[in-house]
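> no FASTA, just this:
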């Protein structure tokens, strides 16, 4: 089982002016192997559950709609 911890919320806007909030979650795996210790991984999603991919520090891509949002 994996544990998630919300770390921050990021206000974003696309070029058309649509605003959304991206939630950054810290994902901790429950198990780790001795040769590869478990490290944190960040996942991103919107408040309504759409999956987002972080392109760089200021840009996110919504995977279902192919929309790019910029940090507001």
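Yep, it's here. Just so it is clear, the structure is predicted and the values come from calculations on it, not from any experiment.
> where are the low-confidence patches of the chain?
Along the chain, segments meeting pLDDT under 70 span 1-2, 30-39.
> 80 instead?
1-3, 28-40 (pLDDT under 80).
> What residues are bridge-paired with the residue nearest the centre of the chain?
With distances taken as Cα atoms, centre = their mean, residue 44 lies nearest the centre of the chain, 1.2 Å away. Listed beta-bridge partners, residue 44: residue 24, residue 52 (assigned using DSSP bridges).
> Three-state assignment for residue 49, please.
coil (DSSP: H, G, I helix; E, B strand; the rest coil).
> What count of nearby residues applies to it?
7 (other Cβ atoms under 10 Å). Heads up, the C-betas are built off the backbone N, CA and C, glycines and all.
> again, but for residue 15
9.
> follow-up on the earlier one: I'd guessed the residue nearest to the centre of the chain sits against residue 23; true?
Yes. Between residue 44 and residue 23 there is a contact under Cβ atoms under 8 Å: 7.0 Å.
> Leaving out chain neighbours, which residue sits closest to residue 11?
residue 72 (4.4 Å; Cβ to Cβ, 6 or more residues apart in numbering).
> And the strands in the protein, which stretches?
2-13, 19-29, 41-46, 51-54, 59-62, 67-71 (DSSP state E).
> Could you identify which of these is most buried?
strand 59-62 (a mean of 18; mean count of other Cβ atoms under 10 Å).
> Great, nothing more from me.
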